[in-house]
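In: just the structure for this:
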Amino acid sequence: MEQNTKNHVEETSAPPLSTAAGDDVSAPQVLHESPLPSPTKQDQTPSHLAVLADRARSYVEAASSANTRKAYAADWKHFAAWCRRSNLTPLPPHPQTVGLYITACASGSAIGTPSRTKGNSVSTIERRLSSLSWNYTQRGLTLDRKDRHIATVMAGIRNSHARPPMQKEAVMAEDIIAMIETLDRGTLRGMRDRAMLLIGYAGGLRRSEIVSLDLKADQSEDGRGWIEILDKGMLITLRGKTGWREVEIGRGSSDATCPIVAIETWIKFAKLAHGPLFRRVIGQGSAVGSERLNDKEVARLVKRAAMAAGIRGDLSEVERAFKFSSHSLRAGLASSAEVDERYVQKQLGHASAEMTRRYQRRRDRFRINLTKAAGL
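Out: All right, here's what the predicted structure looks like:
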């Protein structure tokens, strides 16, 4: 094993060194560059083609979420900074360079802090690899992730460092009820937060999906869905990770815990008629702004309400704070809904039943006993 490691280091330690001080290692500006050839002095781009170029840029932006593009840019910046410190060049793509980079990520030496000993998790390294592939593609280049300098190193990292996924605590129905009771019903912020918790739980929505909702269709440029309140419940149409889907939320058995009543109350007292559904509360809590709420506020709300409600009081404060996030809402719905699994899968927008099962924290794993069914 030591000999193999030595050979690998020898083989991967000779990627081209950076020789040009002006090497372009910044993130690709594909969202701002025209797909058309640059006009010559004698030939200007026709106006109708310029319009198409603008439309093409908007389609490029729509191909991925803002958070995804932000993560891609951050990972490329991290890689480029490591290359500069290592006297290596990120362009063009060299599998040897990338192999050394992911090794540094796994060992903790890619951060730039000499005292750091804890490396990135396997999932973080895999995400960084995906980011590098995307960034190279935007430059018209290709990173061969199957190259042995990358694939073999990545396989070794998985075998050496892979751990079971760290899952957030699922909040069940009784937990949600306790959480909304910690919120002030008489304030705009309390009304908004109650509505977000209940709709997020009943709809199994991601935090980005909660804050991206509008009151009606096509009311804002950054909206990714809208609501429609009906007699029997509410229909949510949204564009999530797996494309467009509809989420049905029925009325609850009590007005105090009904997601629809909570939404109607928030809309009424916030005096909303157009645009984003969930917004910032301003003016010492006396008014509602026009800006859409940041999705991080949903995560903070879940954590804060769960702590205030005393959920998982058997754990220390530090452990409890780590246990809860916005995913606790989706996991809670998947774990507590006593219905056919395929309905839960549809509600959560999962592409596979296996993904839905990962969210079912407290399900009866042995409800279907194949041992007895096989005759034993």
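In: for the stretch 151-300 of the chain, what spans make up the strands?
Out: In the stretch 151-300 of the chain, the strands defined using DSSP state E, counting those that start in this stretch lie at 213-214, 225-229, 233-240, 243-250, 279-282, 287-292.
In: got CSV for those, with distance to residue 99, mean neighbour count and mean pLDDT too?
Out: Where you see a C-beta, it was placed from the backbone N, CA and C, and this is true even at glycine. Shown next, in CSV, are these (distance: least, Cβ to Cβ, whole Å; neighbours: other Cβ atoms under 10 Å; pLDDT from 0 to 100):
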stretch, distance to residue 99, mean neighbour count, mean pLDDT
strand 213-214, 43, 23, 96
strand 225-229, 41, 18, 94
strand 233-240, 35, 18, 88
strand 243-250, 35, 16, 85
strand 279-282, 46, 17, 94
strand 287-292, 42, 14, 92
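In: to residue 304, which of the ones you listed lies closest?
Out: Among the strands of the stretch 151-300 of the chain, the nearest to residue 304 by Cβ to Cβ is strand 279-282 (14.8 Å).
In: if we can go back for a sec, can you redo the strands of the stretch 151-300 of the chain as JSON lines with distance to residue 101?
Out: Output for the strands of the stretch 151-300 of the chain, formatted as JSON lines (distance: least, Cβ to Cβ, whole Å):
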{"stretch": "strand 213-214", "distance to residue 101": "39"}
{"stretch": "strand 225-229", "distance to residue 101": "38"}
{"stretch": "strand 233-240", "distance to residue 101": "32"}
{"stretch": "strand 243-250", "distance to residue 101": "33"}
{"stretch": "strand 279-282", "distance to residue 101": "40"}
{"stretch": "strand 287-292", "distance to residue 101": "36"}
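In: between the ones you listed, which gets nearest to residue 185?
Out: Taking the strands of the stretch 151-300 of the chain one by one with Cβ to Cβ, strand 279-282 is closest: 14.3 Å.
In: paired strands for the closest one, with orientation please.
Out: strand 287-292 (antiparallel) (DSSP bridges).
In: can you list contacts of the strand it pairs with?
Out: With Cβ atoms under 8 Å, 6 or more residues apart in numbering as the test, strand 287-292 has contacts from 188, 211-212, 220, 222, 270-272, 275-276, 278-282.
In: narrow the residues you listed to those in helices?
Out: 188, 211, 270 (DSSP state H).
In: of those residues, which is the nearest to residue 317?
Out: residue 211 (27.4 Å).
In: out of the contacts of strand 287-292, which end up buried?
Out: Applying 16 or more other Cβ atoms under 10 Å to the contacts of strand 287-292, the neighbour count classes 188, 211-212, 220, 270, 272, 275-276, 278-281 as buried.
In: nearest to residue 323, of those?
Out: residue 211 (22.4 Å).
In: from residue 251, how far out is the closest one?
Out: 23 Å (Cβ to Cβ, to the nearest Å).
In: verify the stated contact: residue 67 with residue 208.
Out: Yes - contact criterion Cβ atoms under 8 Å: residue 67 and residue 208 qualify, at 6.9 Å.
In: more neighbours, these two?
Out: Ranked by neighbour count (other Cβ atoms under 10 Å), residue 67 and residue 208 place residue 208 first, with 19 against 10.
In: list the contacts of the more buried one.
Out: 65, 67, 224, 295.
In: how much space between residue 55 and residue 48?
Out: Taking Cβ to Cβ, one finds residue 55 at 11 Å from residue 48.
In: next one: residue 148
Out: From residue 148 to residue 48 the distance is 49 Å (Cβ to Cβ).
In: ok, the two, which is more surrounded?
Out: residue 148 (14 against 8).
In: measure that one to residue 101 for me?
Out: Counting by Cβ to Cβ - residue 148 and residue 101 are separated by 15 Å.
In: next, count neighbours for residue 200.
Out: Applying other Cβ under 10 Å, I find that residue 200 has 26 neighbouring residues.
In: just the helices in the stretch 1-150 of the chain please.
Out: Per DSSP state H, counting those that start in this stretch, the stretch 1-150 of the chain carries helices over the ranges 2-12, 47-62, 66-85, 95-107, 122-138, 148-161.
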